[in-house]
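Trainee: here is a sequence together with a model predicted from it:
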There are 2 protein chains.
Amino acid sequence: MTLFTLEEYKARIHAVKKRMEASEIEVLVASDPANMNYLTGYDGWSFYVPQCVVLAADSEEPVWIGRKMDANGARLTTWLAEENILGYPEDYVQSPVKHPMNVAGEEIQRRGWAGRTVGVEMDAYYFTARSLAELKKSLPEARFANADLLVNWVRLVKSDAEIALMKEAGKIAERVMQTAIDRLEPGVRECDAVADVYRAQMSGTPQFGGDYPSIVPMMPTGEKTSAPHLTWTDAPYENEQMVNLELAACRHRYHCPIARTAYLGKQPPDKLVSLAEHTVEGLNLTLDAIKPEMRCEEVEQVWREHIAKAGLTKESRIGYALGLNYPPDWGEHTASLRPGDKTVLAPNMTFHMILGMWMDEYGFECSESFRVTEAGCETFADFPRKLFVK
Amino acid sequence: MTLFTLEEYKARIHAVKKRMEASEIEVLVASDPANMNYLTGYDGWSFYVPQCVVLAADSEEPVWIGRKMDANGARLTTWLAEENILGYPEDYVQSPVKHPMNVAGEEIQRRGWAGRTVGVEMDAYYFTARSLAELKKSLPEARFANADLLVNWVRLVKSDAEIALMKEAGKIAERVMQTAIDRLEPGVRECDAVADVYRAQMSGTPQFGGDYPSIVPMMPTGEKTSAPHLTWTDAPYENEQMVNLELAACRHRYHCPIARTAYLGKQPPDKLVSLAEHTVEGLNLTLDAIKPEMRCEEVEQVWREHIAKAGLTKESRIGYALGLNYPPDWGEHTASLRPGDKTVLAPNMTFHMILGMWMDEYGFECSESFRVTEAGCETFADFPRKLFVK
């Protein structure tokens, strides 16, 4: 049974075909697991072997190509007819002489599409350099074109059904953040606090459970706050320290990230309190300014002008499109809230706005995941925006 | 501070250089996060942006190249000198016109290595088709060679310090499996059972905490047992059902997977009980047969001959090398316990032997992670091998 209606999948296929036509791509080979899911419903932890969905401009349905043992998973989660589910045998797995992309190439041959322009996702995580080389070897007559982010740009505007899942993820995200803040105490091992965060992520709410987010919980403290992607240790949290909480919840692969900062100790430094106030004010103000028809760069400008008044600057982007995804990232790699991004906001576009301000020895971050509405924007989680002092 | 001694990293570099020489590779560009970690100690969730370690045959140290915001993480986790840690600026992140592999290429130019033979990991997960194209663009004079699995083959034999971490992972794995079995009850939602498994994975033991395993917990039941890589749902476990438990623990990125099967209900079907007996007997017998100097295919043969007596066959491989890894897989993609694999076992090679027997409507699986010893083999976890009936 698929997660969305057949009409919804057909609308996605239609929108992707329009972009294929504009890019003169006749056959799309999508290997990004999020794009495979978006087009077919397929959802499984099988992206550690090469797999793809092949969509021809003149075919109604895409073809799922994956490992034979995963074909049953495709039967259970996709809307595809049996003839469009193709499993490759075990001897293609981790072989130096055979490769699953040869199977994809041969299937494209078999269907008479070998002389066409084939679009491939050049920078998608699981489409390796060898994947392309093997696909080319099996399709010597095809022309190859870059279809990177082609499906991702269609994913930018969500359907109401997708928004409903992101709202559910938002409800779980509130519990996840509350769990982290409740659990943080001097003396508690980082791994134990993270353990409870994981439990909250998967348990979800009494009404609906959670799914694994595409990025692990980040809860750095001490010197590790300057190294944002190091994960936890066995060390206990200490008093008089800041902890950055970059967390998320996920529902059927749809994400709601949320970030906050906590301070362990009675009296946070004045400069931290002041930074938190400026940042939260800027977040509120920037969210309030959002409207359809605004450009992404204009959103960033609101923030930049606000913090400039406090003598602050921020180098990196302040947000990015997100939604359906798989590890190692929940971002969609399309629109960003940053200077130069001319993307025009429209209702049901969804973003994660994350304002992280890093000084030499301290810092503060606060984020919200939201959708653009007809009149402004709406966040998925409802959680206090402030420095948490424990 | 690095996890291993400087001598250990130097020994790894030496072994990798020997293989580079044999393959006539003068400059190795390793993008596999496990290989980056193996050579330098680098450990962070930053593989969602392109990054690599560059090792020249005539240089003492490799060069770490990653995002500027992750360079601090490299300073904190690697043994490299400051001159060998290179962060690229934010405008290289998710840009259609610039790519981090251009930075890698330019650094190789700058160091005078541009005319050499450059080895790249053609099928490594995060080395995309575009990564190769951009690296080639920035290194027009270089010859390119396939260095796929070059470092992985060095990783096959573990040091005693690596084994110590896998033993710690084994201790956590016992707790993880016990948690799953304790938590399984008719009426318990799958997501809640998974939530407790996650908690056990990260909490570890009172002496040491856990790390995130490279694959999510798999606990399918009902029709989903035929689709091994579908993840959990909100549905409650039901009575009179089998549950497959494919779990793992991780310690500083070193894994100990463990699989068992549970039956919810007083009276498991006779055929399941009988299958479990044959499988466990085969597992015991095969583990007992393992000795250094044996070939991988000979290990599989012991198993195959045993189950043939019960009229059973198994199509896929029965095990694979594993250890240090990152999502989406903990396997090393080198030696497999399967027909045709001539790899000769040696002390401190580590494998996951997983015996999954799937009939039409039922199945049983049981696994052990182990190291080859001087005289035989030794498992990392100590957990009863049987069908668990609840």
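Mentor: All right, it came through fine. Residues are numbered from 1 along each chain as shown, chains lettered A, B, ... in the order given.

Trainee: where do the helices sit along chain A?
Mentor: Along chain A, counting by DSSP state H, helices occupy A:6-22, A:33-40, A:68-77, A:100-110, A:129-138, A:150-155, A:160-183, A:190-203, A:270-289, A:296-309.

Trainee: output the longest one as CSV, restricted to C-alpha atoms.
Mentor: Once side chains and other backbone atoms are set aside, the C-alpha atoms of helix A:160-183 remain, and they are given as CSV (Å, rounded to 0.1, in the frame of the first residue of the first chain):
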residue,chain,number,x,y,z
ASP,A,160,-1.1,19.0,1.5
ALA,A,161,-0.6,15.3,2.2
GLU,A,162,3.2,15.8,2.5
ILE,A,163,2.6,18.9,4.7
ALA,A,164,0.4,16.7,7.0
LEU,A,165,3.4,14.4,7.5
MET,A,166,5.7,17.3,8.2
LYS,A,167,3.2,18.5,10.8
GLU,A,168,3.3,15.1,12.5
ALA,A,169,7.1,15.3,12.4
GLY,A,170,6.8,18.7,14.1
LYS,A,171,4.7,17.2,16.9
ILE,A,172,7.4,14.6,17.5
ALA,A,173,10.1,17.2,17.2
GLU,A,174,8.6,19.1,20.2
ARG,A,175,8.9,15.9,22.3
VAL,A,176,12.4,15.2,21.1
MET,A,177,13.7,18.7,22.1
GLN,A,178,11.9,18.6,25.4
THR,A,179,13.5,15.2,26.1
ALA,A,180,16.9,16.6,25.4
ILE,A,181,16.4,19.6,27.6
ASP,A,182,15.0,17.5,30.4
ARG,A,183,17.8,15.0,30.2
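
Trainee: for chain B, what's its nearest residue on the stretch 51-200 of chain A.
Mentor: Relative to chain B, the nearest point of the stretch 51-200 of chain A is A:Cys191 (2.8 Å; C-beta to the nearest C-beta). Placement of C-beta: from N, CA and C, glycine included.

Trainee: what's around that residue, how many residues?
Mentor: 21 (other C-beta atoms under 10 Å in any protein chain shown).

Trainee: show the pLDDT at it.
Mentor: If you check A:Cys191, the pLDDT there is 98.

Trainee: ok, it - contacts?
Mentor: A:232-234, B:202-204, B:209-210 (C-beta atoms under 8 Å, 6 or more residues apart in numbering or on different chains).

Trainee: what do you get for A:His278?
Mentor: Residues near A:His278 by C-beta under 8 Å, 6+ apart: A:306-307, A:310, A:312, A:357.

Trainee: between those, which is nearest chain B?
Mentor: Taking C-beta to the nearest C-beta as the measure, chain B lies nearest A:Met357 of those, at 13.6 Å.

Trainee: the closest one reaches A:Ser274, doesn't it?
Mentor: No: with contact defined as C-beta atoms under 8 Å, A:Met357 does not count as touching A:Ser274 (10.9 Å).

Trainee: tell me the residues on the stretch 1-150 of chain A that lie near chain B, please.
Mentor: For the stretch 1-150 of chain A, the residues in contact with chain B (C-beta under 8 Å from any C-beta of the partner chain) are A:43-48, A:69-70, A:72-73, A:75-77, A:90, A:94, A:96, A:99, A:120, A:122-133, A:146, A:148.

Trainee: filter those residues down to the buried ones, PyMOL style.
Mentor: To isolate the buried members of the residues of the stretch 1-150 of chain A next to chain B in PyMOL, using 16 or more other C-beta atoms under 10 Å in any protein chain shown:
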select buried, chain A and resi 43+44+45+46+47+48+69+70+72+73+75+76+77+94+99+120+122+123+124+125+126+127+128+129+130+131+132+133+146+148
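
Trainee: pretty sure A:Glu281 is touching A:His306, no?
Mentor: Yes: A:Glu281 lies in contact with A:His306 (C-beta under 8 Å); the separation is 7.1 Å.

Trainee: more crowded one of these two?
Mentor: Per other C-beta under 10 Å, whichever of A:Glu281 and A:His306 has more neighbours is A:His306, with 19 against 15.

Trainee: for the more buried one, give me its contacts.
Mentor: Residues near A:His306 by C-beta under 8 Å, 6+ apart: A:278, A:281-282, A:285-286.

Trainee: need the per-residue pLDDT for it.
Mentor: Reported pLDDT for A:His306: 95.

Trainee: now do the one 5 residues further on
Mentor: We note a pLDDT of 90 for A:Gly311 in this prediction.

Trainee: thinking again about what came up before, out of the contacts of A:Cys191, which are buried?
Mentor: Taking 16+ other C-beta under 10 Å as the criterion, what is buried in the contacts of A:Cys191 is A:232-234, B:202-204, B:209-210.

Trainee: quick check, nearest of those residues to A:Ala259?
Mentor: Of all these, A:Trp232 has the smallest distance to A:Ala259: 15.9 Å, by C-beta to C-beta.

Trainee: let me see the contact set for that closest one.
Mentor: Neighbours of A:Trp232 in contact, by C-beta under 8 Å, 6+ apart: A:190-191, A:193-194, A:217, A:219-220, B:202, B:209.

Trainee: what's the closest of these to A:Arg12?
Mentor: Nearest to A:Arg12 out of those is A:Pro217 (C-beta to C-beta; 30.9 Å).

Trainee: hang on, the closest one packs against A:Arg199?
Mentor: No: with contact defined as C-beta under 8 Å, A:Pro217 does not reach A:Arg199; the gap is 11.0 Å.

Trainee: where does the stretch 151-300 of chain A dip in pLDDT?
Mentor: Residue ranges of the stretch 151-300 of chain A with pLDDT under 70: none are present.

Trainee: for it, what lies in contact range of chain B?
Mentor: A:189-192, A:194-196, A:198-204, A:208-212, A:215-216, A:218, A:223-224, A:226-234.
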